[in-house]
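Trainee: after the sequence you'll find the predicted model.
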Amino acid sequence: LNYGKRKRKKKKIYENSFRKGGRRVDDGLLELFDLDPDLLPLFQYNCKQFSSPQECLSAPEFLDHIRKVMLVIDAAVSHLENLSCLEEYLCNLGKKHQAVGVKVESFSTVGESLLYMLEKCLGTAFSPDVREAWSKLYGAVVKAMRRGWETLPEGD
């Protein structure tokens, strides 16, 4: 019985953070490019190279990409008790990211910016427990996506 209550409590932590976090996504995204400016060239749409993070952040295609990222996070939260059902999808998502030149190490930077955004949005509600819960969830998503790199045949 206690196990089920803990699972529901964790899910509520994620859901509440996710709702509040949506208000200030730009802070987290700017932090992403501050942490690793080399990520900016990876975001090219219709062969357009952005000259600044602000230009990238205002592009409709980039905003669509961010909506997709948030949908993946939402799916992970929704399937918190059975993340394995997302395994194949996340593995394929990893393959897609590798194909466009994303390095596995970049996911650490993305995770840092996600935590930064959540901390800014939640303020004092971003407790050590909330930070740990989000870190574990994000880590599980990245672990599954990393398998996309591992499953590619040699030479691809």
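Mentor: Received, thanks.
Trainee: okay, now the unreliable bits of this protein?
Mentor: Across the chain, residues meeting the criterion (pLDDT under 70) sit at 1-27, 151-156.
Trainee: scan it for its longest helix.
Mentor: Among all segments of the chain classified by DSSP state H, the helix with the greatest residue count is helix 128-150.
Trainee: please name every helix or strand in contact with it.
Mentor: If contacts are counted by 3 or more CB pairs under 8 Å, 6 or more residues apart in numbering; DSSP states H and E, helix 128-150 sits against helix 2-21, helix 60-78, helix 87-99, helix 106-122. Placement of C-beta: from N, CA and C, glycine included.
Trainee: same question for it: list its buried residues.
Mentor: For helix 128-150, burial by neighbour count (16 or more other CB atoms under 10 Å) applies to 130, 133-134, 137-138, 140-142, 144-146, 148.
Trainee: of all these, which two lie farthest apart?
Mentor: Largest separation among those by CB to CB: Val130 and Gly148, giving 28.3 Å.
Trainee: so who does Ala76 touch?
Mentor: 83, 86, 137, 140-141 (CB atoms under 8 Å, 6 or more residues apart in numbering).
Trainee: could you check the angle the longest helix of the chain makes with helix 87-99?
Mentor: For helix 128-150 and helix 87-99, the angle between their directions (axes from the mean of the first three to the mean of the last three CA atoms, to 10 degrees) works out to 70 degrees.
Trainee: got a list of contacts for helix 128-150?
Mentor: Under the criterion CB under 8 Å, 6+ apart, residues 10, 13-14, 17, 72-73, 76-77, 80, 83, 86-87, 90-98, 104, 107, 111, 114-115, 118-119, 122 lie in contact with helix 128-150.
Trainee: repeat that for 6 Å
Mentor: 10, 13, 76, 83, 87, 90-91, 93-95, 98, 104, 107, 111 (CB atoms under 6 Å, 6 or more residues apart in numbering).
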